[in-house]
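*Asks:* prediction below, plus the sequence it came from.
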Amino acid sequence: MGKKVDSLVSGLAKETEQDAERELNLKLRRKLAKSEHARKMAESRSSDAERRLEDAQHALDISLATSEPRESVYKIESREPSEPHEATAVLLASDLHPEETVSPETVSGLNEFNLSIAQERMTRLFVGAKWMVDALQEKGGPGFVIRDFILGILGDLITNTIHPELLESNALGPADATIYVTELLRGGIDYLLAETELERIYCPCVHGNHDRMTPKMRHSTKAANSLATIVYHQLAQLYADEPRVEFDVARGSLLYTEIYGHTIRWTHGDDIRYWGGVGGITIPLRKAIDSWDKSRQAHLTCLGHFHQVTDHRDFVVNGSLIGYSAFAQAIKARFEPAAQAFFLLDRRRGKRMFSPIQVQDTGGWS
Ligand SMILES: [Mn+2]
């Protein structure tokens, strides 16, 4: 009997012990879950804070880069105030991406691009620009009088290796591509010098997001970290003794020029946040122009970046040299043949004769 009671007691004690253990286990698990939850919350708060810090840094960088006061603004003034049809021709060259390869099978046969096609398209661009200048001047006729030419070099001169897949698909590494594009631009400027009577070729130059040497875009130090700086420096050196060619290179995102008393703003356009949408780039671009105008009013803004030739009263968006690509297809951009913007700035009437130079032969209307 005593033994039975003993074993009963010890059984009960064991159960109580097990209960206590279970209780403790449960408590510990609850505590663990609680602290795990707290850790997750803290983590999300910190990444949120990080994101907000990044946004603030981005905004600060942009405002530093865009408010940078320039000592002098390049000016193109009237040469013949009595001439009613005096104008300056403007050709935009941007988003060239010469070393990037586009195989026809990746874009439903809509485009093909490689180093030699890049060269052909650059030739078409400058031959086309000269043709336009000649056609619009029509010697002895009622044409414009064009003695000044602006070649706006607006960034994305190369594709670079800013995304890992570009390491495989580019035909040249960044250094070689930088040299290649310098030669392409030099060829174009040499052609204009040799084949036209233009008295001045003024080149406002800005930096694109693809030209960067840093993993992420820098704003206040954009020029210092851009391969385009090397291209511009190289070209400025090459034409240092040529009085007909002048370079004006941006240090920040925006560059301003005064033409016939009106301000023109040059920028690449990557500061504009656009994530698609049926409204197109017009809406975010309008917002950007409004805020830029607060620090400095401009009559016309010229930009690249979006690879879509667009002409509005107070802004011009450039096309590209590379044309339609797998990337364009992926973001569902509408097809358009590779083209670069060309227009006149008429001294009395402003932007006139907008006529993009199509550098891709599609064999018909497109
Ligand atoms: Mn581009």
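*Replies:* Structure received.
*Asks:* enumerate every residue touching the residue of the stretch 1-150 of the chain found nearest the ion.
*Replies:* Nearest residue of the stretch 1-150 of the chain to the ion (CB to the ion) works out as residue 95 at 3.6 Å. For the C-beta atoms, the positions are set from N, CA and C on the backbone; glycine is no exception. When contacts are counted by CB atoms under 8 Å, 6 or more residues apart in numbering, residue 95 touches 154, 155, 156, 208, 304, 305, 307, 318, 319, 320, 321, 322.
*Asks:* in which helix or strand would I find the nearest residue to it once chain neighbours are set aside?
*Replies:* Once flanking residues are discounted, residue 95 sits nearest to residue 320: 3.7 Å by CB to CB, 6 or more residues apart in numbering. Residue 320 belongs to no helix or strand when assigned by DSSP states H and E.
*Asks:* how many residues are close by residue 320?
*Replies:* By the criterion of other CB atoms under 10 Å, residue 320 has 27 neighbours.
*Asks:* one step back: which pLDDT value goes with the residue of the stretch 1-150 of the chain closest to the ion?
*Replies:* According to the prediction, residue 95 has pLDDT 96.
*Asks:* show me how the record splits the protein into domains.
*Replies:* By the record's domain assignment, the chain is partitioned as 1-67, 74-358 (automatic domain parsing).
*Asks:* lowest average pLDDT across the ones you listed?
*Replies:* Minimum mean pLDDT among the domains of the chain: domain 1-67, a mean of 80.
*Asks:* tell me the secondary structure of residue 149, please.
*Replies:* strand (DSSP: H, G, I helix; E, B strand; the rest coil).
*Asks:* that one: what's it in contact with?
*Replies:* Going by CB under 8 Å, 6+ apart, the list of residues near residue 149 reads 88, 89, 90, 91, 129, 133, 192, 196, 198, 200, 201, 202.
*Asks:* go again with 7 Å.
*Replies:* Applying CB atoms under 7 Å, 6 or more residues apart in numbering to residue 149 gives the contacts 88, 89, 192, 198, 200, 201.
*Asks:* what's the following helix or strand after the helix or strand encompassing residue 343?
*Replies:* In this structure, residue 343 sits in strand 342-346 according to DSSP H and E. The helix or strand immediately downstream of strand 342-346 is strand 350-352, counting by DSSP H and E.
*Asks:* please list the residues of the stretch 101-250 of the chain that sit near the ion.
*Replies:* residue 156 (CB under 5 Å from the ion).
*Asks:* for the residue of the stretch 101-250 of the chain found nearest the ion, which non-adjacent residue is closest in space?
*Replies:* Closest approach between the stretch 101-250 of the chain and the ion, counting by CB to the ion: residue 156, at 3.5 Å. Using CB to CB, 6+ apart and skipping the chain neighbours, the partner closest in space to residue 156 is residue 208 (3.4 Å).
*Asks:* could you look up the SS state of the residue of the stretch 1-150 of the chain closest to the ion?
*Replies:* coil.
*Asks:* give me the secondary structure label for residue 92.
*Replies:* strand.
*Asks:* for the residue nearest the centre of the chain, give its distance to residue 217.
*Replies:* Among the residues of the chain, the one closest to the centroid is residue 305, at 3.5 Å (CA atoms, centre = their mean). Using CB to CB, to the nearest Å, residue 305 is found at 12 Å from residue 217.
*Asks:* what do these two both touch?
*Replies:* Counting by CB under 7 Å, 6+ apart, the shared contacts of residue 305 and residue 217 are residue 270.
*Asks:* what packs against whichever helix or strand residue 126 is part of?
*Replies:* Assigned by DSSP H and E, residue 126 belongs to helix 115-137. Contact here means 3 or more CB pairs under 7 Å, 6 or more residues apart in numbering; DSSP states H and E; on that basis helix 115-137 packs against strand 145-153, helix 174-195, strand 342-346, strand 357-358.
*Asks:* burial of the nearest residue to residue 228 once chain neighbours are set aside, as a residue count?
*Replies:* Residue nearest to residue 228 in three dimensions, not counting chain neighbours: residue 211, with 4.0 Å by CB to CB, 6+ apart. By the measure other CB under 10 Å, the count of residues near residue 211 is 27.
*Asks:* need the contact list for the residue lying closest to residue 196 once chain neighbours are set aside.
*Replies:* Residue nearest to residue 196 in three dimensions, not counting chain neighbours: residue 130, with 5.7 Å by CB to CB, 6+ apart. Neighbouring residues of residue 130 by CB under 7 Å, 6+ apart: 192, 195, 196.
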